[in-house]
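**Q** quick check, what structure comes out for this input:
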Amino acid sequence: MKDPKISPCLRIFIGTTLLVLMNIASSYAAPLEEINLSTETDRVIAIIKLSSPVANIRYSPTRKGSTLNILMDKLPSGPAVDEWQDNEILKSPPSALIPSFTVKTNLKNIQPKLIIDFSREAEYTVQTGRDGRSILIGIKIDKPIPVSDGNFPFLPDSIPLVQSATEEDKKAYLLSQDGRNALASQNNFAAVDAYNKLLLLPPNNYTQEAQEWVGVARERAGQPDKAKLEYDLYIKLYPSGKETERVKHRLAILEAQRFKLPPSLTAETKGATDQPTQNMVYGSISMNYYHGASKVDTTDTTTQFTTAPTQSTFSAIDQSSLITSVDLTQRFISNRYDNRVVFRDTAYSNYLPGQTSRNRVSSAYFEFKDKVQDYSVRAGRQSGIGAGVLGRFDGANAGWGITPSFRINAVAGQLSDYILGERPVFYGFSADMGPVTVYTINQSVEGIVDRKAVGTELRYFDSGKSAFGMLDYDTSYSTLNIAMLQGTITNTPERTYNLLLDHRRAPYISTRNALMGSATVYLADLLQLLTEDELRNLAASRTGASNVAQVGISQQMSQSWQIGGDIRYSNYEGLPASGTIDPATQQPTLAGLIPETSGFSDWAISSQLIGNNLYSSRDTTVFNLTLSSGQLYKGQLFYIYNRSNLSNLWSFDASLQYYKFNYDAGTVMTRVMPMIRTAYQIKQSISLNMDAGIEMSHTESAAQTSDGQRQFYSLGFRWDF
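**A** Just a heads-up that it's a prediction; the model follows:
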């Protein structure tokens, strides 16, 4: 087999990408990272990777449709504020097995939401990914993968698992399904490993099947000598039967052709040596202009020298910008290799006086993956991968699968989410052992230990049940950084329960936290005044903690209606006063002075009613009511959201938000915001979009009242290729 070559244009692209990357100091935390497809026996798994961990997944319609809506909660990740961007779009990679689809973000100000628009109706299942920061959509294949060409089966016809099956048969059945799925996705070496594990078990109902198909897997993987040994052993163990005749026929072909496959069997026995390399380029370019204007009328009731209140008006254009986004992927695929180049960039052109424009790269990396030897390397700017890496970084990540259930990884780089001061550098190691990952990470900044931690990630997936847990313990500060557990139970196809328990430092504990509130962005300046121990104590005193507990339920009421509810409790720990005052000047030193802050807690009860296909084949309506109560405020939030596809070319979104908050300080704030958005598909790959809205607010306190109004709109286009 010829290894995939890198074309001259790709070399130029890589070089340009790296030059841009080296000259950009900041990064953009886009919520959508990438979409990957994985083929199984009767479905394709679409893996939507996100930049932040998510929990409390709720989706509708629950089984099939042309538009899929996924509501979720976004958990904090990394040192920077990952703002969820509305209307970010990614398109699915090309596939001949399932309908194409786009993924769009929405409702960032209420509850993060993904809208998946399929090119035609699809059947699917939805669950959170094993890493806690991805969504898995299992899409039923339009045309089933053939299981036979009339001469030989392409896939084994496994014996069903009976209710009275022994424990050995249950283990063997699961391994046989792993082998079958691996064969269906042409991952022949994974199939060999699964069948070998099955053959190590005591004799069971699936042993004979495994002995045949481990030979088929080796034959398809381009290992005819090893396949011949497996077939010989099969004939000795099982000298008669229709399966034996089939194995003898396979063996005769291998011997007669001296390991050269005849054309009639090419489709059935195609292996690692004869599948041509596929070269795909896909992505998108979009441009959107945003405009906003605000007006605020304020009445001051505290005037002491006149009997009439003082009124003032402020108005200004607060937004005038053009945002250009480029998303480009070039991918090389063969039966052995899966390599890709990814580049995502967003340019902000700000037209307001005195404001600056900027350009931010969210992803720029090259990934090499060898599926036979099971190792991979990714180098460049990339999102946090878990395993102790808390944020986007510039660097390299490599892994090697020693066995399908045991993998070792190494990572090193420089965090890119920092804009001011020096960026922390780190290195780490991890091991994936089935559902368990353990890791260690070392991070420094300006030559000082910034973070040193050990941790684990735990995953559990079973029919109708899933869970993801994470522990991160900082050994240099001797404190628990993150402890999180989220789980989902679906006891019937119509009812789902969600649980989230989350404790974390906010932001995560690091020596750089000493810079919060200080008059410098460099630790070296603070070390002129403080010892390193005092610096670390200052960092610890400026690091808070949050605790969240949430339970939820979703119930399908009918084919068109779904109801859901959540109860959420949040607690935020207070912080002591930190910093010092210069005795001579009685002014804060370079370290700054932050007063003591009190902790607080709050409750929120939320209910949702979701309707699908109420008046067409592609409409969704969401009603949401949330009641909040805490030590600092009480409030209500209500919103209505509707999405309709007026035709195959037109889509229309409308929403109405209303919220009212009463603060303990005596301030009452009310806001109403209607908004519309429409998109028109000019051609299959080009679309126009527009949105407009108005935000009306009223704030009242003992000292003053104010009425605000903000009008905004955007115009743009998108080209998918």
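**Q** all contacts plus neighbour counts: C-alpha atoms, from now on.
**A** OK.
**Q** buried set for stretch 670-685?
**A** By 16 or more other CA atoms under 10 Å, the buried positions in stretch 670-685 come out as Thr670, Arg671, Val672, Met673, Pro674, Met675, Ile676, Arg677, Thr678, Ala679, Tyr680, Gln681.
**Q** also stretch 346-358?
**A** Those would be Thr346, Ala347, Ser349, Asn350, for stretch 346-358 by 16+ other CA under 10 Å.
**Q** tell me the first helix or strand C-terminal of the helix or strand hosting the third one.
**A** Assigned by DSSP states H and E, Ser349 falls within strand 338-350. Using DSSP H and E, the helix or strand that follows strand 338-350 towards the C-terminus is strand 358-370.
**Q** give me the mean pLDDT for that following strand.
**A** The pLDDT scores in strand 358-370 average 89.
**Q** what is whatever helix or strand comes next after that strand packed up against?
**A** Using DSSP H and E, the next helix or strand after strand 358-370 towards the C-terminus is strand 375-382. Contact analysis of strand 375-382 by 3 or more CA pairs under 8 Å, 6 or more residues apart in numbering; DSSP states H and E lists strand 358-370, strand 393-403 as its packing neighbours.
**Q** any chance of these in JSON lines with distance to Asn547 as columns?
**A** Supplementary listing: the helices and strands packed on strand 375-382 in JSON lines, determined by distance: least, CA to CA, whole Å:
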{"stretch": "strand 358-370", "distance to Asn547": "30"}
{"stretch": "strand 393-403", "distance to Asn547": "27"}
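**Q** circling back to that earlier point, out of the buried residues of stretch 670-685, which is nearest to Phe332?
**A** Using CA to CA, Gln681 is the member of these that sits closest to Phe332, with 29.6 Å.
**Q** so what's the closest one closest to, chain neighbours aside?
**A** Ser687 (4.2 Å; CA to CA, 6 or more residues apart in numbering).
**Q** same for whichever strand or helix holds the one you found, what does it pack against?
**A** Here Ser687 sits within strand 686-700, counting by DSSP H and E. For strand 686-700, the packing partners by 3+ CA pairs under 8 Å, 6+ apart come out as strand 668-681, strand 704-720.
**Q** just the CA trace of the lengthiest helix in the chain, in CSV.
**A** Counting by DSSP state H, the longest helix found in the chain is helix 167-184. Extracted in CSV, the C-alpha atoms of helix 167-184 (Å, rounded to 0.1, in the frame of the first residue of the first chain):
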residue,chain,number,x,y,z
GLU,A,167,-22.2,-15.3,32.1
GLU,A,168,-19.6,-16.7,29.7
ASP,A,169,-22.1,-16.5,26.8
LYS,A,170,-23.0,-12.9,27.8
LYS,A,171,-19.3,-11.9,27.7
ALA,A,172,-18.8,-13.8,24.4
TYR,A,173,-21.9,-12.2,22.9
LEU,A,174,-20.7,-8.7,23.6
LEU,A,175,-17.3,-9.5,22.1
SER,A,176,-18.9,-11.0,19.0
GLN,A,177,-20.9,-7.8,18.5
ASP,A,178,-17.7,-5.8,18.9
GLY,A,179,-16.1,-7.9,16.2
ARG,A,180,-19.0,-7.7,13.9
ASN,A,181,-19.2,-3.9,14.3
ALA,A,182,-15.5,-3.6,13.6
LEU,A,183,-15.8,-5.6,10.4
ALA,A,184,-18.7,-3.4,9.3
